[in-house]
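Q: generate a structure from the sequence data that follows.
(one chain, ligands or ions: 1)
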Amino acid sequence: MDISKYAKREILQLAERPTPRTPIPRTGDIINLGAGDPDFNQPPIVAEWIKEAIEAGETHYTFQGHPEFKKTVAEYYSKYGVKIDPETQVIPTSGGGAALFLTLAATINPGDEVIIPDPAFQGYINPIKYFGGRIVRAKMRKTEDGYFRPNIENIEKAATEKTKLIIICNPDNPTGCIYTMEELKEIARIATEKDFLILSDEIYNEFTWMGKKHTAIATIKEAVDRTIIAMSLSKTFAWTGLRVGYIIAPKELAELIWRVPIGVSTIPVPIQIAAAKMLREGWRFHEEMKREYKKRIEHCVKRLNEIPNIKCVHPEATFYLFPDITETGIKSTEYTNKLFEEERVRVAAGSTFGEMGEGHIRIALVASIEKLDEAINRIERLHKKLKK
Ligand SMILES: Cc1ncc(COP(=O)(O)O)c(C=O)c1O
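A: Residues are numbered from 1 along each chain as shown. Sure thing, here's the model as predicted:
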């Protein structure tokens, strides 16, 4: 049967599932460092919170999201000094992905241009295309010491009167960079001059290293009225399967987003209640995870740099490494295919994230140090074979 006749046109134009998200068996000796799914399980109290909420009868419609969740989100984000009205500015979403999707659903008309950096999180591409948006890439620049940075000149060049939105990922997946206040001010200036919106994906805000701090673009006066913030508990508390995220937006934009006809607010109520508790009480658990990630980063950066033909900078943020493998002389997809087929290690090819990602691989540090060590042994073995 030709199924395409039943399909919405835009669906057929979308790329298939990107490699890091292709399901692979959890068994055997495969080490999966492809998707950013943290390997930490929940403290038992989370299950109790969910159970208590169900037992207390918190199982009814909350059309606009649970007030307690929205209030806690507003309190949490006010740590940046941004004033948020929970009732009119917070939209619960089932994860960061849904926060992005709903924002695009509310704003993108066919033909609208959306600026995204290159490289960038591959999850931005398909939703933009689905709504008929035109993607305009603004290449990042790579510094001499190997760090990717947003390139303001390229963002300025990418902006036209058709630009509806820029998406920034701050801190950035896959490069691990944190936008500086100067860079954010420049982006705010361009957005104001050219009159477009800023979608700021900040889901890695709590994972910063090297004494760096995440700076929120909504703290810039010029930007605040045109900034939509996409957030998620997926990484902060390893909640990838519990699906909790949210949007913070200026009142008028939030009203537009609420009009997207998906029906009822999409997070189950008991989970919203547990999420609110987690945002208040889950920080010890988060700090433990963070300590572990820090150890993993230090260890893996050091070990990778000992392998010939691989250069790895210490990320400023996130739990990804984005080493440069250009000197192996092969493309990143060939490299990742070989690494998977010959050594049973899944990592993401840099080209998945855009042209500028070519010559890199992204390693998600979502396994124990012992497993990561074994993955690096296998990478080392692959490099020895490649040299022959
Ligand atoms: C930059 C970025 N934004 C959004 C998402 C989606 O997050 P969620 O799992 O909460 O939908 C991810 C997931 O990896 C991500 O890396």
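Q: which parts of this structure sit against the ligand?
A: Contacts of the chain with the ligand, taken as Cβ under 6 Å from any ligand atom, map to 36, 95-97, 121, 123, 169, 173, 201, 203, 232, 234, 240, 245. C-beta coordinates here come from the backbone N, C-alpha and C atoms, glycine included.
Q: farthest-separated two in those residues?
A: Cys169 and Thr240 (17.0 Å; Cβ to Cβ).
Q: of the two, which one has the most company?
A: Cys169 (26 against 18; other Cβ atoms under 10 Å).
Q: from Pro119, how far off is that one?
A: 10 Å (Cβ to Cβ, to the nearest Å).
Q: domain assignment for this protein?
A: 3-42+284-387, 60-281 (automatic domain parsing).
Q: can you give me the end-to-end span of the last one?
A: To tie it back to what came earlier, the one meant is domain 60-281. End-to-end span of domain 60-281 (Cα to Cα, to the nearest Å): 25 Å.
Q: so what's Val136 up against?
A: Val136 makes contacts with Glu113, Val114, Ile115, Ile116, Ala158, Thr160, Thr163, as judged by Cβ atoms under 8 Å, 6 or more residues apart in numbering.
Q: next, count neighbours for Gly28.
A: 8.
Q: Glu202 now?
A: Counted with other Cβ under 10 Å, Glu202 comes out at 24.
Q: next up, phi/psi of Asn126, please.
A: phi -60, psi -40 (degrees, to the nearest 10).
Q: element containing Ile376?
A: Secondary structure from DSSP states H and E places Ile376 in helix 369-387.
Q: in that helix, what's buried?
A: Buried positions in helix 369-387, judged by neighbour count with 16 or more other Cβ atoms under 10 Å: Lys371, Leu372, Glu374, Ala375, Ile376, Arg378, Ile379, Glu380, Leu382, His383, Leu386.
Q: which strands or helices does it pack on?
A: When contacts are defined as 3 or more Cβ pairs under 8 Å, 6 or more residues apart in numbering; DSSP states H and E, helix 369-387 sits against strand 31-32, helix 283-305, helix 332-343, strand 345-346.
Q: possible to save those as a markdown table with mean pLDDT and distance to Lys212?
A: Listed next are these as a markdown table, based on pLDDT from 0 to 100; distance: least, Cβ to Cβ, whole Å:
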| stretch | mean pLDDT | distance to Lys212 |
| --- | --- | --- |
| strand 31-32 | 95 | 28 |
| helix 283-305 | 98 | 13 |
| helix 332-343 | 96 | 26 |
| strand 345-346 | 96 | 29 |
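Q: check the ones you listed for me and report the most buried one.
A: Mean neighbour count (mean count of other Cβ atoms under 10 Å) peaks for strand 345-346 among the helices and strands packed on helix 369-387, with a mean of 23.
Q: show me what the helix or strand just after that strand is packed up against.
A: As assigned by DSSP H and E, the chain's next helix or strand after strand 345-346 is strand 348-349. Counting contacts by 3+ Cβ pairs under 8 Å, 6+ apart, strand 348-349 packs against helix 332-343, strand 361-364.
Q: does anything pack onto the shortest one? Which helices or strands?
A: Judged by 3+ Cβ pairs under 8 Å, 6+ apart, the packing partners of strand 361-364 are strand 320-321, helix 332-343, strand 348-349.
Q: if we can go back for a sec, which of the contacts of Val136 sits closest to Arg141?
A: For the contacts of Val136, the nearest to Arg141 is Ala158 (13.7 Å; Cβ to Cβ).
Q: distance from stretch 39-57 to the middle of the chain?
A: Mean C-alpha position of stretch 39-57 versus that of the full chain (Cα atoms, centre = their mean, to the nearest Å) differs by 25 Å.
Q: go on, stretch 97-116?
A: Distance, centroid of stretch 97-116 to centroid of chain: 16 Å (Cα atoms, centre = their mean).
Q: next: stretch 85-95.
A: 18 Å.
Q: now it: buried residues?
A: Buried residues in stretch 85-95, counted by 16+ other Cβ under 10 Å: Pro86, Thr88, Gln89, Val90, Ile91, Pro92, Thr93, Ser94, Gly95.
Q: related to what we said a few turns ago, hey, which of the domains of the chain is tucked in deepest?
A: Of the domains of the chain, domain 60-281 is the most buried (mean count of other Cβ under 10 Å), at a mean of 20.
Q: quick one: average pLDDT of that domain?
A: Mean per-residue pLDDT for domain 60-281: 97.
Q: cool, and stretch 307-318?
A: 97.
Q: same question, stretch 44-51
A: 98.
Q: then that stretch to PDB, C-alphas only?
A: The C-alpha trace of stretch 44-51 is given here as PDB (Å, rounded to 0.1, in the frame of the first residue of the first chain):
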ATOM      1  CA  PRO A  44      12.800   6.500  45.600                       C
ATOM      2  CA  ILE A  45      11.000   9.600  47.000                       C
ATOM      3  CA  VAL A  46       9.900  10.600  43.500                       C
ATOM      4  CA  ALA A  47       7.800   7.400  43.100                       C
ATOM      5  CA  GLU A  48       6.300   8.200  46.500                       C
ATOM      6  CA  TRP A  49       5.400  11.700  45.500                       C
ATOM      7  CA  ILE A  50       3.700  10.500  42.300                       C
ATOM      8  CA  LYS A  51       1.800   7.800  44.300                       C
END
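Q: can you show me the strands along this protein?
A: Using DSSP state E, the strands of the chain run over 31-32, 90-93, 113-118, 134-139, 141-142, 148-149, 163-169, 197-201, 227-232, 245-248, 320-321, 345-346, 348-349, 361-364.
Q: follow-up on the earlier one: in TSV, list the helices and strands packed on helix 369-387 along with distance to Lys8.
A: Output for those, formatted as TSV (distance: least, Cβ to Cβ, whole Å):
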stretch	distance to Lys8
strand 31-32	32
helix 283-305	39
helix 332-343	29
strand 345-346	31
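Q: thinking again about what came up before, farthest pair within the buried residues of stretch 85-95?
A: Across the buried residues of stretch 85-95, the two lying at the largest distance from each other (Cβ to Cβ) are Thr88 and Gly95, at 22.1 Å.
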